[in-house]
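[1] output the structure for:
(one chain, ligands or ions: 1)
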Amino acid sequence: MKRCPTCSRLYDDDTLKFCLDDGTQLADARRYDAEAETLRNVPKQPEMSSQDIIMEIADHLRSTLGPGDHRLIRFETLSGLGLTTAQVSEHLEAAAEKADCEVLDKTDTRAIVQRNPARLVRS
Ligand SMILES: [Zn+2]
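    As a prediction, this is how the structure comes out:
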């Protein structure tokens, strides 16, 4: 079976090469279906709430920085957590606050973050 990519008309005649209506080169209908199936099966990125994003970044900061450490954080390194550079950039300050860190310098793609030294607990 053949299928016209332009008008979606199906042709049973496999020897036909061009659509009789618009002259578009016909595609194999089965392959077309397989492609459509593939597109349908692409998993959608689950929507993360701002709260989730902040938690993820805060966890990352806590695990990356020891008390008193400061480090250059490239936002792209958080893509492994499913976060885009834009998401990290947008929520970094809130995450830093949550992780007891301070953002010393920041651009759209990276930031220098310092974790506050461990506070001394008076006994
Ligand atoms: Zn057509």
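[2] any idea how the protein splits into domains?
    For the chain, automatic domain parsing gives the domain ranges 2-41, 50-115.
[3] deepest of those, which one?
    domain 50-115 (a mean of 17; mean count of other CB atoms under 10 Å). (Glycine included, C-beta is placed from N, CA and C.)
[4] go ahead and list the helix or strand containing the closest residue to Asp105 other than its chain neighbours.
    With sequence-adjacent residues excluded and distances taken as CB to CB, 6 or more residues apart in numbering, Asp105 is closest to Ile112, at 4.4 Å. Assigned by DSSP states H and E, Ile112 belongs to strand 110-115.
[5] which strands and helices sit next to that strand?
    helix 50-64, strand 70-74, helix 85-98, strand 101-106 (3 or more CB pairs under 8 Å, 6 or more residues apart in numbering; DSSP states H and E).
[6] what is the shortest one packed up against?
    Okay, so that is strand 70-74. If you count contacts as 3+ CB pairs under 8 Å, 6+ apart, strand 70-74 packs onto helix 50-64, strand 110-115.
[7] rewinding a little: for Ser8, which of the helices and strands packed on strand 110-115 is the nearest?
    helix 85-98 (36.4 Å; CB to CB).
[8] packing partners of the closest one?
    Using 3+ CB pairs under 8 Å, 6+ apart as the contact test, the elements touching helix 85-98 are helix 50-64, strand 101-106, strand 110-115.
[9] adding mean pLDDT and distance to the ion, write the domains of the chain out as CSV.
    Output for the domains of the chain, formatted as CSV (pLDDT from 0 to 100; distance: least, CB to the ion, whole Å):
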stretch, mean pLDDT, distance to the ion
domain 2-41, 84, 3
domain 50-115, 95, 39
